[in-house]
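> Predicted structure and sequence below. I'll ask about it afterward.
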Amino acid sequence: MTLRTKFTFGALLLTEAALLTSMVVVLVVQRRQNLVRRNQESGVAVERFAEVCRDSVVGRYEIPVVNYMRALSEDPKVRYSLFVEKDGRVRLHSALFRGDRSMVGSFIGSERLADSKGLLRAENGERMLEWARPVNVDGVLFGFAIVGYSEGALDRELLDAMKATIARQALAAVPVSILALGGAFLLAWRLNRSIHDLSQTALRIGEGDLSVRTKADGKDELGSLGRVFNLMVERLQLLQEAREHMTAGLTHDLKAPLAAIHAHAQLLRAQEGDKLKPESQDSIDRILVSARRMALMAEDILDRARLREGGEIHIQRAEISIHPLIDEAVRLLKPAAQDKGLKIENAVDPSLPKAQWDPAMMTRVFVNLLSNAVKFTPRGGTITLKARAKGRGVEVSVSDTGRGIPAADLKHLFTRFMEVRDADGSRVAGSGTGLGLSICREIVAAHEGSIEARSEVSRGTTILIELPLEHEKSPADS
């Protein structure tokens, strides 16, 4: 589930919880208000009934009381009403409207002859809320006006009112929920977009591109985070540029002594070759190979600096045989492989046609690939070089039986300063500067070719290069 979906559903759940809580609060408040209003209405009705009864006694005319009792009986909540004298004798009873005159003239218990407000009592198996008010004539108690309400009918009326309120609230909750869902989705989309931009920028930075910046146009915490992130990237870019300039400067200064070492070693071998012991001859050969390898590494660093400053790799094509180039790379890496007990198998087809490549550049590619294979292949392993014709070009592969590369790192293998890591994420000792493969990619691309890596952890890695044999001239070349 995406962050946008989680946030949207979370906001929707909070909205629904708030709506539900508000509905419950409204229902509780309304129920209390309905109870108060019901009691007020019942009290007013009984008060009015007592006034009608008093006027009837004073005027010696019972028709108003009968009419008022008839009106009360039309209320489905009223079960009975009666006018009793102070000694308990029933003067008038609503049973008259049902044709029952037995209640008139009968007596009721003294416990009902009091000013009461909603006393609960049972009447014919039904619970009643009975209200009573004294009837005073000229300040003297004459009797009581009594009205009995069905508790069940009152509760049903209250329940109906609550259901109507719930229906209205539910009807109002639908558009509110839709608006809340839309608002939550828009907010989640904005947050997700900001986080996505930040993560994509971080991913490109992890791939070595420090020129990217994330959007930081908001005035909230995400905008502030974006601005801080961009400031961090700018500082990283400055640090990297300073490191590359320093490295390029040091490397440029190293070229002269390396050339001197190589030249003196060659001179020593030429002048004293026949007089040197075999071990001394081997040492001179190693000096020559190491100086040559260091010179190639220096060229990698300088080319990387030129590319960083917007320059490009200059290709000087010549018609060359492929086999001698690979033989040269094997010769340069053979001492290092022997020191680790590695076997290098050169299975390149010597009958391959000649190619229009830059000899020095392609030698650097093969040296870099072999150097990596030697670094990451454990003692006793095997490194195999193959080359075969493929269409109008050639495919060269360098395979090893080394530790392999985790899938997460494989797609970033040819980015600059990429360091090989174990499956647990720890840095592999001696993994180098991370420049070699990125330079290989640039050189191969300059030759209009492609490079890719295939690897399985603990089973080894294969680097495949596909290159055209002939240069396809562009309009700029003609």
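Cool, the structure landed. Residues are numbered from 1 along each chain as shown.

> three-state assignment of residue 352?
coil (DSSP: H, G, I helix; E, B strand; the rest coil).

> who does the one helix or strand residue 34 maps to touch, helix- and strand-wise?
In the assignment (DSSP states H and E), residue 34 maps to helix 3-59. Packing partners of helix 3-59 (3 or more C-beta pairs under 8 Å, 6 or more residues apart in numbering; DSSP states H and E): helix 63-73, strand 78-85, strand 116-123, strand 126-137, strand 140-150, helix 151-206. In this view, the C-beta of every residue, glycine as well, is placed from N, C-alpha and C.

> try 6 Å this time
If contacts are counted by 3 or more C-beta pairs under 6 Å, 6 or more residues apart in numbering; DSSP states H and E, helix 3-59 sits against helix 63-73, strand 126-137, strand 140-150, helix 151-206.

> most tightly surrounded among those?
For the helices and strands packed on helix 3-59, average neighbour numbers computed from mean count of other C-beta atoms under 10 Å are highest in strand 140-150, which has a mean of 21.

> So what's the model's average confidence on it?
Mean per-residue pLDDT for strand 140-150: 92.

> Give me the residues contacting it.
46, 49-50, 53, 57, 77-86, 113, 128-135 (C-beta atoms under 6 Å, 6 or more residues apart in numbering).

> what distance separates it from the middle of the whole chain?
72 Å (C-alpha atoms, centre = their mean, to the nearest Å).

> Residue 14: neighbour count?
Close neighbours of residue 14, defined as other C-beta atoms under 10 Å, add up to 12.

> quick one, what contacts it?
If a contact means C-beta under 6 Å, 6+ apart, then residue 14 has no contacts.

> dump the residue contacts of residue 413.
With contact set as C-beta under 6 Å, 6+ apart, residue 413 has these partners: 437, 453.

> going forward can the numbers begin at 363, since that is how I track them
Yep, numbering from 363; the last one is residue 775 now.

> Kindly list the single helix or strand of the chain that scores lowest on mean pLDDT.
Scoring the helices and strands of the chain by mean pLDDT, DSSP states H and E places helix 640-670 at the bottom, with a mean of 68.

> Buried ones in the next helix or strand after that one, by neighbour count?
Reading on from helix 640-670 to the C-terminus, the next helix or strand found by DSSP H and E is strand 680-682. Buried residues in strand 680-682, counted by 16 or more other C-beta atoms under 10 Å: residue 682.

> Just give me how far the helix or strand following strand 680-682 sits from the chain centre.
Later in the chain than strand 680-682, the nearest helix or strand by DSSP H and E is helix 684-701. Remark: helix 684-701 is offset 49 Å from the chain centroid, using C-alpha atoms, centre = their mean.

> Determine the set of other helices and strands touching helix 684-701.
Checking 3+ C-beta pairs under 6 Å, 6+ apart, helix 684-701 ends up next to helix 640-670, strand 705-710, helix 721-738.

> switch to 8 Å and redo it
helix 640-670, strand 705-710, helix 721-738, strand 744-752, strand 755-762.

> the inter-axis angle of that helix versus strand 705-710?
170 degrees (axes from the mean of the first three to the mean of the last three C-alpha atoms, to 10 degrees).

> what is the orientation angle of helix 684-701 with helix 721-738?
Angle, helix 684-701 to helix 721-738, by the same axes, to 10 degrees: 30 degrees.

> Give the rounded mean pLDDT of helix 684-701.
87.

> Which residue of the chain lies farthest from its centroid?
residue 422 (86.5 Å; C-alpha atoms, centre = their mean).
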